[in-house]
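1. Return a 3D structure for these sequence lines:
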Amino acid sequence: MQQISNRNKENISLNEFYFPKEETIPVEKLKEIYDNFLLESSSLSSSNNLINILHLLENIDKTILLNRLIINHEFNYFLTNKLYHLLKKFYKLNYLNESEAILFGYLGRNFFRINFNPEKLIRPIRKCISYISNYEKYLSYEDYLKDFHKLIYLYIQNEEILNAILNCLCSKYYIQLIEQTVYHKFLLIDCPSYWIAYKGNKSFISFIFIFRFCLRSK
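-> Residues are numbered from 1 along each chain as shown. Below is the predicted model of the structure:
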């Protein structure tokens with residue numbers, strides 16, 4: 001994935017939609033923005049307009065975003081499909097272009113902020129984690145992993161996701177990092193933190209983890 005600088009983010013104009021000031025926007029106005037976007041989403045400018053809206057959402061009070069008219073709006077299901085396809089493209093092609101990488105970051109932060117965890121994203125998230133545990137090249141995408149980290153936390157109570165995390169902790173790359181005392185935040189800090197955050201029965205899963213770790217370390 002290409003490295004995205006702050007300068008690139010600033011180059012995306014916020015003038016294509018008229019937005020009110022973030023702190024004063026009422027629920028009805030935000031719903032209108034969502035409605036208008038869905039009506040125009042087939043246009044060529046829809047990608048930039050979507051980034052504009054997501055940029056706006058980062059500064060809107062969370063209570064507005066959790067309002068029933070907003071959280072249940074079809075726009076959020078549109079976002080789910082968009083994120084689903086970005087995750088799928090990344091684990092299949094190992095690549096997101098510049099605008100897709102920016103969009104991925106906005107989507108991850110937005111979903112994390114409102115604790116939005118649709119079931120549809122479980123499989124692509126699990127697949128991405130599996131690829132990270134099996135292919136060392138994915139570990140170099142630190143910007144991607146920082147945003148991906150937020151998504152994983154939304155699903156950390158899901159056993160499929162936790163199992164994929166255990167595979168990361170038992171991967172040969174994890175063992176190599178420990179042996180070489182090389183720092184990598186996702187494997188050495190984030191992955192163990194998911195295990196700590198899991199609230200289910202850890203006894204059986206601990207046994208699986210130790211068993212896998214011993215097999216990989218031989």
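
2. Sketch out the low-pLDDT regions of the chain for me.
-> Low-confidence segments of the chain, defined by pLDDT under 70: 1-24, 41-45, 136-140, 173-184, 202-218.

3. helix or strand for residue 193, which one?
-> Take DSSP states H and E as the rule and residue 193 turns out to sit in helix 191-197.

4. Just the buried residues of that helix, please?
-> Residues 191, 194, 195 are the ones in helix 191-197 that count as buried (16 or more other C-beta atoms under 10 Å). Where you see a C-beta, it was placed from the backbone N, CA and C, and this is true even at glycine.

5. Run through the neighbouring helices and strands of it.
-> With contacts defined as 3 or more C-beta pairs under 8 Å, 6 or more residues apart in numbering; DSSP states H and E, helix 191-197 has these neighbours: helix 142-154, helix 159-169.

6. now it: how far from the chain's centre is it?
-> Its chain's average C-alpha position is 17 Å from that of helix 191-197, according to C-alpha atoms, centre = their mean, to the nearest Å.

7. re the thing from before, mind checking which of the helices and strands packed on helix 191-197 is nearest residue 83?
-> Closest to residue 83 of these, according to C-beta to C-beta: helix 142-154, at 8.1 Å.

8. Using CSV, write down the CA coordinates of the closest one.
-> What follows is helix 142-154, C-alpha atoms only, in CSV (Å, rounded to 0.1, in the frame of the first residue of the first chain):
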residue,chain,number,x,y,z
GLU,A,142,2.2,0.2,9.3
ASP,A,143,-0.3,2.9,8.3
TYR,A,144,-2.8,0.3,7.2
LEU,A,145,-2.3,-1.8,10.3
LYS,A,146,-2.9,1.3,12.6
ASP,A,147,-6.4,1.7,11.1
PHE,A,148,-6.9,-2.0,10.9
HIS,A,149,-6.2,-2.3,14.6
LYS,A,150,-9.3,-0.2,15.4
LEU,A,151,-11.5,-2.6,13.3
ILE,A,152,-10.1,-5.7,15.0
TYR,A,153,-11.1,-4.3,18.4
LEU,A,154,-14.7,-4.0,17.3
